[in-house]
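>>> let me see the structure of the following:
(one chain, ligands or ions: 1)
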Amino acid sequence: MTSRDGFQWTPETGLAQGVPSIGVISPPTNISSSPENYDVIIVGGGYSGLTATRDLTLAGLRVLLVEARDRIGGRSWSSNIGDYPFEMGGTWVHWGQPHVWREISRYNMRTELEESFDFSCGVNHFQLRTNQGTSIMSHEEEDNILAAGLEKFVNVDGDMGRKVIPYAHDAFHVPEARCYDEMSAQDRINAIALSLTPNERASLESFVLLCSCGTLETTSFFEFLHWWALCGYSYRGCMDYLISYKFKGGQSSFAIKFFKEALATGRLSYVFNAPVSSISDQGDQVTLTTRDGRQYSGTRLVSTIPLNVLNSVSFNPPLDTQRATATNIGHVNQCVKVHAEISNKDMRSWTGISYPFNKLIYAIGDGTTPSGNTHVVCFGGSSNHIHPEEDINETKKAVESMAPGNMDIKRLVFHNWSKDEFAKGAWFFSPPRLLSTSLDAMRARHGNVVFANSDWAVGWRSFIDGAIEEGTRAAMTVKEELLPSPALRSQL
Ligand code: FAD
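Numbering: from 1, shown residues only. Next up is the predicted model:
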C-alpha cells in the first residue's frame, strides 16, 4: 500500500509524493455504523499509542484507536521501495534501551537487526568539509576528533557529567543540573572555545546539531548532557546507542506487530484518516470530534498527540497554562533527513560532515540497495534549513556537496517533518528552560485525559524507547482505574 506521506525522486520519474509502506492500514476503519461507548480512546498510532492500545486491549478493555494518517508508526515508519526499507523517521534501536528491547525480545525480533556501519569497502574514510577546507581521515581519526570535542563539551564536573546527571532516567535528581538547562549549546561552546582545535569545533558543533537539529542557540545544554548520560557518558556509547542498529525489515515491520496483537484480541476498533479537532471531557465520559464531524466517546482518553501540534486540538476544559505555554514554545528539532541512493558501491564505508556552509551536515553510508547502489543517509536541521521537495536541485546539490565527485544520485527518498501537520518537527529536542519549567506539566493528566508521548518521557525521551515507556505508563494508569482491583476481582 502507498502512504500519502513521504516523497521520492528519481531521474526517470521526477518528484512524486507518497511512498509504499507496510504500515498503511487498509481498509482505514473496522467500525460499523452503530455508535459505541468505548472504555478507552487512544488518539495517535505512533509507538506511544500502539503500546497503550496493545496493553489495554490485552487487559480486556474495549479500545478505539483514532489516527490522523493513513498508517501506523507516527514519526517512525519505513518505506519499502524495491524491497529495501528506507527509514523515514525513527530508525536506530539498542539493547540498552529498556522498553524497546523488551518489545524486540517479546516479538522475537532480536535477530532482525543489522548494523548501519560497514567499514570494509573502498571509500573507507571520514571526509570533513569546513570553511577551512577538506580533510580526509581514517574512521579512527574521526572517532578521536569527535571524542575529544565531546569530552571537553560535557566535562562540566571533572567526571564527564556523571556528577551532574548520575541517574539518566531521573535527570533532575541533582538540583544543580537545572542550571545547565539555562544554558544553550552555544553558551557551552563559547565557554570552552579556546580549548578546541578548528576540526574539533566543527565536528563537535555538527554532532550537537545532529542530535538537536535546532541551532546551537536553541539547543538546551542540559538535554545534551541527558543524552550523554543515557549513552553511558562516552562518545563510543553515543555511536552505539544512537546510530548503529536498525531493523533489516524497517521500523514498520516492528510497529505492525503491536497493531496486529491488539487486533487479535477482538477488542480493537480503529479509524485512520481521522484528524481529531477537539476533545471534550464531560466528567463521566470524554468525547472527541474529528475534523469531518465524526464523534466518539470513551470513559478515558489517551492523547499521544506530539508537543508541537497539541495546540491544533481544542480541549474542553482548556489545557492548564503551563502545558499550553510549553506547547506554544515547542521543541526545536526540524530535522531534514534525506536518503540518497548513489551508484558508487564503495561509498558504503564513507562518513562525512559538511559544515557550516552546506544544507545537509552529517551523512553516512547506511546500506546497499538490491540494485547494488549505496544507500547514504544525510541529516540537516534548522541551522541551514531546507524543505527538500521545494527545490530538488538544491537538495541534490546539498547531497553532492557532502562528497563532491562521489555522489551520482539515482534516487532520493524523504519525509518533510517540518511541514507535517501532525508532527511539526522530528524527535523532541528541548530549547533551554523548557524542561526545567514544564516537564511535570507536560506529563500531568487532565481530568479523564491521560497524555503519553516520547516528547515528555523521563528516560529515552525523544526516542522510540521513550514512546514505549509513555504508552506503558498511560496504559497502567487507565488499567488501574477501569479494571477491578485484584482483591475485588477474586471476590467476583
Ligand atoms: P508520534 O510517533 O508522533 O505519534 C503520534 C501520533 O499522533 C502520530 O501517528 C500522529 O499522526 C498522530 N496525531 C497527531 N495529531 C493528531 C490528531 N489531531 N488527530 C489524530 N491523530 C493525531 N527515535 C529512535 O529511537 N531512534 C532513531 O534513530 C530516531 N530517529 C528519528 C529520526 C527522525 C527523522 C524522526 C522524525 C524521529 C526519530 N526518532 C528516533 C524519534 C522517534 O521516531 C519518536 O520519538 C517516536 O516515534 C515518537 O512516538 P510517539 O508515539 O510518542 O509520537
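>>> only C-alpha atoms from now on, for both contacts and neighbour counts.
Noted.
>>> residues contacting the closest residue to A444 other than its chain neighbours?
Excluding its sequence neighbours, the residue lying closest to A444 (C-alpha to C-alpha, 6 or more residues apart in numbering) is F451, at 7.0 Å. Contact criterion C-alpha atoms under 8 Å, 6 or more residues apart in numbering gives V302, S303, T304, M442, R443, A444, R445, A474 as the residues in contact with F451.
>>> measure F451 to the ligand for me?
Separation of F451 from the ligand (C-alpha to the nearest ligand atom, to the nearest Å): 10 Å.
>>> ok, so what distance separates that residue from N406?
Noted for F451: a distance of 47 Å to N406, by C-alpha to C-alpha, to the nearest Å.
>>> before we move on, the earlier item: who does the residue nearest to A444 bridge with?
S303 (DSSP bridges).
>>> list the contacts for the residue positioned nearest the centre of the chain?
By C-alpha atoms, centre = their mean, the chain has its centre lying nearest to W427, at 3.7 Å. By C-alpha under 8 Å, 6+ apart, the contact list for W427 reads R75, G90, N333, D455, S462, F463.
>>> burial count for Q132?
10 (other C-alpha atoms under 10 Å).
>>> quick check, nearest of the contacts of W427 to V377?
G90 (12.7 Å; C-alpha to C-alpha).
>>> follow-up on the earlier one: I'd like the distance between the residue nearest to A444 and R110.
According to C-alpha to C-alpha, F451 and R110 sit 30 Å apart.
>>> picking that back up, adding pLDDT and secondary structure, write the contacts of W427 out as TSV.
Listed next are the contacts of W427 as TSV, based on pLDDT from 0 to 100; DSSP: H, G, I helix; E, B strand; the rest coil:
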residue	pLDDT	secondary structure
R75	98	coil
G90	98	coil
N333	98	coil
D455	99	helix
S462	98	coil
F463	98	coil
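>>> near the ligand, which residues of this protein are found?
43-49, 66-69, 73-76, 89-93, 275-277, 304-306, 335, 337, 422-423, 426-427, 453-454, 462-465, 467 (C-alpha under 6 Å from any ligand atom).
>>> from those residues, which land in helices?
If you go by DSSP state H, these have Y47, S48, G49, I464, D465, A467 in helices.
>>> these: which two are farthest apart?
G49 and D465 (12.8 Å).
>>> can you list the residues that contact stretch 111-126?
Contacts for stretch 111-126 (C-alpha under 8 Å, 6+ apart): 136-139, 142, 243-249, 346-352, 364-367.
>>> of these, buried ones?
Among those, the ones that count as buried by 16 or more other C-alpha atoms under 10 Å are 137, 139, 142, 243-247, 249, 346-352, 364-367.
>>> which ones among the residues you listed map onto helices?
H139, E142, I243.
>>> and of the residues you listed, the nearest to Y84?
I243 (18.7 Å).
>>> do you know the pLDDT at the closest one?
Looking at I243, its pLDDT reads 97.
>>> please name the residues that touch it.
W92, V93, S116 are the contacts of I243 under C-alpha under 8 Å, 6+ apart.
>>> got it, and N311?
A324, T327, N328.
>>> please repeat the previous calculation with a cut-off of 7 Å.
T327, N328 (C-alpha atoms under 7 Å, 6 or more residues apart in numbering).
>>> any idea how far it lies from K424?
The gap separating N311 from K424 is 11 Å, by C-alpha to C-alpha.
>>> wait, what's in contact with the residue in the stretch 301-450 of the chain positioned nearest to the ligand?
Among the residues of the stretch 301-450 of the chain, A426 lies closest to the ligand, at 3.5 Å counting by C-alpha to the nearest ligand atom. A426 sits next to N333, Q334, C335, W417 when contact means C-alpha under 7 Å, 6+ apart.
>>> the third one contacts G381, correct?
Yes: in this structure C335 lies within contact range of G381 using C-alpha atoms under 7 Å: 4.4 Å.
>>> which residues do those two both contact?
With the criterion set as C-alpha under 7 Å, 6+ apart, the overlap between the contacts of C335 and G381 is C213.
>>> contacts only, for the residue nearest to V271 when sequence neighbours are not counted.
Once flanking residues are discounted, V271 sits nearest to T29: 4.4 Å by C-alpha to C-alpha, 6+ apart. By C-alpha under 7 Å, 6+ apart, T29 lies in contact with Y270, V271, F272.
>>> quick one: the second one from P431, how far?
This means V271. Taking C-alpha to C-alpha, one finds V271 at 34 Å from P431.
>>> my guess is S135 meets E142, correct?
No: taking contacts as C-alpha under 7 Å, S135 lies outside contact range of E142: 10.4 Å.
>>> now do the shared contacts for these two.
Between them, S135 and E142 share no contacting residue, judged by C-alpha under 7 Å, 6+ apart.
>>> all helices for the stretch 1-150 of the chain, in order.
47-58, 98-106, 139-154 (DSSP state H, counting those that start in this stretch).
>>> export the second one as PDB, just CAs?
As requested, C-alpha coordinates have been extracted for helix 98-106 and formatted as PDB (Å, rounded to 0.1, in the frame of the first residue of the first chain):
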ATOM      1  CA  PRO A  98      15.000  -1.000  28.200                       C
ATOM      2  CA  HIS A  99      11.500  -0.500  26.900                       C
ATOM      3  CA  VAL A 100      12.200  -1.000  23.200                       C
ATOM      4  CA  TRP A 101      14.400  -4.000  23.900                       C
ATOM      5  CA  ARG A 102      11.700  -5.700  25.900                       C
ATOM      6  CA  GLU A 103       9.400  -5.400  22.900                       C
ATOM      7  CA  ILE A 104      12.000  -6.600  20.400                       C
ATOM      8  CA  SER A 105      12.600  -9.500  22.700                       C
ATOM      9  CA  ARG A 106       8.900 -10.100  23.200                       C
END
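>>> just the mean pLDDT for it, thanks.
Averaged across helix 98-106, the pLDDT comes to 98.
>>> before we move on, what about the last one?
For helix 139-154, mean pLDDT rounds to 98.
>>> do the first one as well
Taken as a whole, helix 47-58 has an average pLDDT of 98.
>>> that helix vs helix 98-106, what angle?
Using axes from the mean of the first three to the mean of the last three C-alpha atoms, to 10 degrees, the inter-axis angle of helix 47-58 relative to helix 98-106 is 60 degrees.
>>> list of residues touching helix 47-58?
Contacts for helix 47-58 (C-alpha under 7 Å, 6+ apart): 42-43, 63, 73, 255, 258-259, 261-262, 265, 267-268, 304, 452-454, 464, 467-468, 470-472, 474-475.
>>> tell me how far it is from the chain's mean position?
18 Å (C-alpha atoms, centre = their mean, to the nearest Å).
>>> ok, now the shortest one?
Counting by C-alpha atoms, centre = their mean, helix 98-106 is centred 17 Å from the centre of its parent chain.
>>> next up, identify which helix or strand G471 is on.
G471 belongs to helix 464-482 when assigned by DSSP states H and E.
>>> list the buried ones in that helix?
Neighbour-count burial for helix 464-482 [16+ other C-alpha under 10 Å]: 464-476, 478-479.
>>> sorry, back to before: return the member of the contacts of T29 nearest to S21.
Taking the contacts of T29 together and measuring to S21 by C-alpha to C-alpha, the closest member is F272, at 14.9 Å.
>>> backbone dihedrals for the closest residue to E176 other than its chain neighbours, please?
Take E176 and drop its neighbours on the chain: the residue closest to it by C-alpha to C-alpha, 6+ apart is V164, 7.0 Å away. The phi/psi pair for V164 (degrees, to the nearest 10) reads phi -80, psi -40.
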